[in-house]
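Visitor: Fold the following for me, if possible:
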Amino acid sequence: MGVVDPDRSAIEVKALLRRLHPKAGNHKDRIRRISKFRNYINGDGKNTPEFYDDDVPLLLLGSVTPSALLEEDDEVLSEIHGLMQACGSPSTEHDNCLKRSARHSMMLLKYLVCDYVEMEDGQKINNTSIEEGGEVPTPRNVFSHAFSSLAIRHYQMLRLELHIREGNNRGAAKEEACQIMVLLLTQHYSEDGQKLAPLMLDDLVPQPTAQQAFELWAHTSTTREQQEQMKANALLRQDEIAARERKERLENKTLGRISEEFELADDDDPDDDDDHEDSDGSDSDFDENDNMAVIRRRQKEMKKELRKARKEGELAAMEGPAMRWEDSQLYREQQARVASSKKAAETGQHHETVRESQEAIQELKVREEEKAKVLGRDPLGVKGDDFDLRKIQDAQAEYMEQTLQGLEEGMHKAERENSIEDSKGNSAEDDFKRQQAQKESLMAIVDRLGGLDQLDNPTRSVLPTDPTFDPMLFLTLVHREVGYRELIGSVDRLTNKTTNQHKQLQNLVRENFALFVRCAEGIDAFNEKTGSQEGPGVNERIDKLETLADKCAHQAKKSFKPLLDNASEVRKVQSSLAVLNRVAPILQAPFLMRQHVENRRYSQALKAYRRVLVIDKNCTIELLNHVKQQAQKYLHETRYDLERCLAQDKVLVDELLNGIRDLSELLELDVHMSNRDDMEDEQPDKVDEYRVADGVYDIAGRLIKMRDHPPALACLLLQAAHFTRIVNKAINDADHTIRRIYGGETLQQVQAGGEGAGEGGGNTGGEDSSPAKTGGNSGNQWKYDVMDARVLGAVKSVEIARNWLPRLLRISKTAREDEKRRLARQLSSRRQSIALHRGSQGNMKFDSQHSSSFDVFRSYITPSVTRLVEHATFCSLGCPARSGGSELNMSFGDESPEKLRTLLRGALPPSHGTRVGTELAEMVELLAESADGANSLRASADGTVEGLSPLDECKTLGESAVITLEKRRCIIAFEVCARTCSNRASGSGKFDAEALLQTLRTLSEQLTRPEECSVEVENGCELVVQRCCEGLASYVRDRSGDSARLSAVAECADVMENRVTEIVKEVENLTSNAAAVEEVIMEDIMGLEGAMFDEYLESIREHVANSVRVGWLDMDNEGLYAASADRGGGSFPSYLSSSLLSIVRCRAQVEQALGDKIRRSDDITYQHLSMATVADGVVEGICHAVEMRRNRLKVRQADRLANELQFLLNTLRKFLSEGSMNVLDNTRQMLCNKAGRGSGFQGDGPDGLAALESLERLGRVYVLCLGE
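Guide: Residues are numbered from 1 along each chain as shown. Sure thing, here's the model as predicted:
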């Protein structure tokens, strides 16, 4: 096979895209079309198909393909999904998951862009536009080149974050997605595909979790060169983004410098040129007080700047209308005028040009920013009038966070300016180092104080009068911007002020000593005069007032005591109510827990229990202790219910996972669980048939102690035991069913649960016993019931696998995640132990106290799955020989009678096998998906997954069973078709090629693994054709006539001309050896056609030989001949008449049966072959008869025969072969010599041709019949 035409490739691409749409077909159709497309692009191993340039982006993007990449006449529907969209097709039934076909689409995409190799005559070729050996690396193929040249927004359609995240096995292809990301991160081109355009990880997956998952994969699955290349491309991408941002800033800066007031077109005006010698005057001639002169000078300077900007390329940035008010020229002019006025008002100066005004605006803006930053760094407002240290004391953490944030912003600014100002100086770098040192100092102070959280409840104070005053904290929050020298100077000034205060006080006393002495003498005189007066003194009056006050207080208490008592009670009640309101959530916890437990809301019950955890163990309040005891009681009940839930086999898997989570949270509370003996009488309705004791369950003889394992692992053990029990029950039910059927019951009775002879132990035990017969089960009906029972057993097995394998896998994955968490906690404690015991770190190892989820899956689940698959296989196939020569063991019925065992070991009838085959194929697909999930449970020490899946053997067994069933289906289908075609061919003489075509089309739709059944398909087609040929041969033998032979030849010719091509086309969909099948079919059909046609030719040859002998007696009787001649009543010779009639008859038969059909082997019509054969036979017969009568012929007879042979030669010339013509011509010459006239003609006419004309006139009807 040569290079495939690109038109065929375009058809294959569009056929694939139609199938990739989520609403077009089902999952199997999409996978089958993907596989077919992959087989197509692989070619024959030496040549790969060619693609048009527009087919590659159409395949990748579908309807999203840019129109520039497509041909004008390309037909693209608006709803076509490309391969990249199919990789990211979301699931309609699962949130944040992909369709199952997304994994196969991603695998195909990865093969196309990473592994596909373009070949021509066995040599690798490069069909891309990039030559090898250049600066730009050569892409791997055309698909890789087109895929790597797409815009970044197109890669979002892949949904790479869903493919590479952990724990997403539905529709995800992590390995393929990561390899595609490596390709893009190491070799991405620009959209024109001619140069590299590096990407970084944020462009593909912005989610941090997805980035972490990819980095973990890349660390172990990529080479060092690839990792270095990805890092280098990431740096280039960051530099590109930074350069673009700097360019945008530069463009904005250029826009602010240019005014639209002055158009570039004015540069052509010679009056405006500052270098023009004929201008009105130079700048020195202008009067400063002349406003027009000032304006003209400004215009010249501005135009000069515009020309310079145009030459340097800065003017291109301002082209086009302004998109914002800040970018408009009017806004810039207003700001320039405001800045100019402000500066002139402050300094008494003005700006002579617009550019100076705009620079002033920029300077003012920078000052405002610096001012805002200074205020941000000093949020306390130390210099303000409302400064208060108490505010700082109450908000220490807030002020510290603001200070740290200000330092962070200053560092970022210094870091950005460092790259710009390196050429001018290191001021930005020094500023960065200074702020970094300040930040480190602040962080050290925060750590010393216990962190920012500790500052919310400060133990140190900034108030100088507080005993916990911290000078360092005071200086940090209040005087952070003050330098060391300023602090030293302030301390000196404070010391001087204190010393001055003492000196001033001494001077004050010294200067006013006389006044102080006089004041003291006045006070003493006043005291002496007051004490010498008569009457009660001050003390006595005070005592009287105190006595009067006591009497008033006693009377008031006596009068208002009831009111005071009532008010006291009210205060007590109100205080109690306030306390109850505060502890109401705690008091309601037991009631809420009971409600949640009764309604199976265990997570809410645990949430309610956490409220009582605030109650201390040493609490002396009886009410709170009672609440805690009741809450613990319901917590115990919650645990028992959760354990009972995990031990059930009919609970939904989502509810099981929720139960595992809730039980794990409950155990983390570390609450002591008391004995439940006193609680058994409270809920007698909660009884579990498998429960032996608290946390102990006996399922099918397997004793499981839940509390010895983590909840997830315990649930996995319980569910695995239930799965084993259900598998055993299904096998035992199948064995019991066939025994009851053999005992005399019907399948309907067994399904209805009726009692029959089988229950009494009738005819089920002996080796030589026969099946019992009842009124409703006579003859061989019991055999059909056994076959139906086997089908039901296989269907039941598939249903068990469909329900239980996903359930067990989800529980196993949950257990695996729990193992990882426990391992992480133990490794953390191990690191702490290593830190304490450095010397023993080499001897410390992780010892797991529990079995792993993989061990449980391998030890308990895998054997049951294997037994289930073997049971389904046995029910479907019986006991066929395996590839190794051993037979499949019987899953049930080993101890049955010999006759029943023979029936069980045999194959199912075709009608039963079709249904079973479909079910088995579904189970194998389920096993393939489950095998990947089971393999993810296996993890080595470094976290990588390796080794075979525990379900690989089961998958192989099921795959072998499906292949065997499909091979049987092919064999039976072709046998039925061969029987039907043979009957029709032998009965009606028809080659029923339509039946073979219908059989091939049916198998093409039903077979899931046609590549495994290629031998059966080839042999089946050969068998059908052979039976058809045998039937046609039998049809001809039964009728033994020329019409039957010609009918068979016509059927063979029609099949070879019209049907064989269609048959071969259908065979191509099932096998790759269609050429051999076509060769065998054509060989059989052409063999039958050749035999039948040869027999027909032999038959007409014999008939012609008999026809030639008619009429020769008339020539021997000379008298009769002379009498007829004298009468002048000439007649056409009888031997010629009979011979020509035979030829005409042969022509009519062939034309009626075959028409103008061409024989394939000779490339000549059947009619011409038959006419040539009969003509040669006529000539040979006539010449032979003339030779026999040669010596007895008279002159007149010889003359007549010569004329007749000449007529025969003229009539049959186009049908005669060269040898026959030579024989006929030699015989005619012999007769002419015998007649004595040489080779000429003799007759009565003027031209000597009267006799020949008479023959043509008499035989005109034959001439017309043999003409065209």
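Visitor: Tell me which other helices or strands the host helix or strand of residue 636 touches.
Guide: Assessed by DSSP states H and E, residue 636 sits inside helix 622-646. In terms of contacts (3 or more Cβ pairs under 8 Å, 6 or more residues apart in numbering; DSSP states H and E), helix 622-646 is packed against helix 584-587, helix 589-598, helix 602-609, helix 653-668, helix 711-742. Heads up, the C-betas are built off the backbone N, CA and C, glycines and all.
Visitor: Quick one: closest of the ones you listed to residue 101.
Guide: Evaluated over the helices and strands packed on helix 622-646, closeness to residue 101 peaks at helix 653-668, with 23.8 Å, by Cβ to Cβ.
Visitor: Heading C-terminal from that closest one, find the next helix or strand.
Guide: Heading C-terminal from helix 653-668 (DSSP H and E), you reach strand 691-693.
Visitor: centre of the chain versus that following strand, how much separation?
Guide: Distance of strand 691-693 from the chain centroid (Cα atoms, centre = their mean, to the nearest Å) equals 46 Å.
Visitor: Quick check: end-to-end length of stretch 108-126?
Guide: Terminal residues of stretch 108-126 lie 21 Å apart, using Cα to Cα, to the nearest Å.
Visitor: Equivalent analysis for stretch 131-142, please.
Guide: Its start and end residues considered, stretch 131-142 measures 13 Å (Cα to Cα).
Visitor: Show residues contacting that stretch.
Guide: Here stretch 131-142 makes contact (Cβ atoms under 8 Å, 6 or more residues apart in numbering) with 51, 56, 112-114, 116-118, 126-128, 130, 145, 148, 187, 189, 194-196.
Visitor: just how off-centre is it within its chain?
Guide: Counting by Cα atoms, centre = their mean, stretch 131-142 is centred 30 Å from the centre of its parent chain.
Visitor: How about that stretch, which residues are buried there?
Guide: If you call a residue buried by 16 or more other Cβ atoms under 10 Å, then stretch 131-142 has these buried ones: 139-142.
Visitor: Now do the buried residues in the helix holding residue 636.
Guide: With burial defined by 16+ other Cβ under 10 Å, the residues of helix 622-646 counted as buried are 624, 627-628, 630-646.
Visitor: Out of the buried residues of stretch 131-142, name the ones that lie in helices.
Guide: residue 142 (DSSP state H).
Visitor: of the buried residues of stretch 131-142, closest to residue 1159?
Guide: Closest to residue 1159 out of the buried residues of stretch 131-142 is residue 142 (47.6 Å), distances taken as Cβ to Cβ.
Visitor: Check the gap between that closest one and residue 202 for me.
Guide: As judged by Cβ to Cβ, to the nearest Å, residue 142 and residue 202 stand 28 Å apart.
Visitor: the bottom helix or strand of the protein by mean pLDDT?
Guide: helix 1118-1126 (a mean of 40; mean pLDDT, DSSP states H and E).
Visitor: so where is the stretch 101-250 of the chain shaky, pLDDT-wise?
Guide: Residue ranges of the stretch 101-250 of the chain with pLDDT under 70: 133, 166-171, 249-250.
Visitor: As a check, name the ranges of all strands in it.
Guide: Using DSSP state E, counting those that start in this stretch, the strands of the stretch 101-250 of the chain run over residues 119-120, 123-124.
Visitor: any idea which of those is most buried?
Guide: Among those, judged by mean count of other Cβ atoms under 10 Å, the one packed with the most neighbours on average is strand 119-120 (a mean of 16).
Visitor: So what are the sheet partners of that one and their directions?
Guide: Using DSSP bridges, the strands paired with strand 119-120 are strand 123-124 (antiparallel).
Visitor: Figure out how far the partner strand is from the centre of its chain.
Guide: 32 Å.
Visitor: let's have the chain start at 731 instead
Guide: Sure, I'll start numbering at 731, so the last one becomes strand 853-854.
Visitor: hmm, who's touching that strand?
Guide: 847-848.
Visitor: how is this structure carved up into domains?
Guide: Here the domain parsing of the chain from automatic domain parsing is 736-975, 1108-1211, 1225-1255, 1269-1312, 1316-1401, 1469-1565+1581-1680, 1696-1827, 1839-1996.
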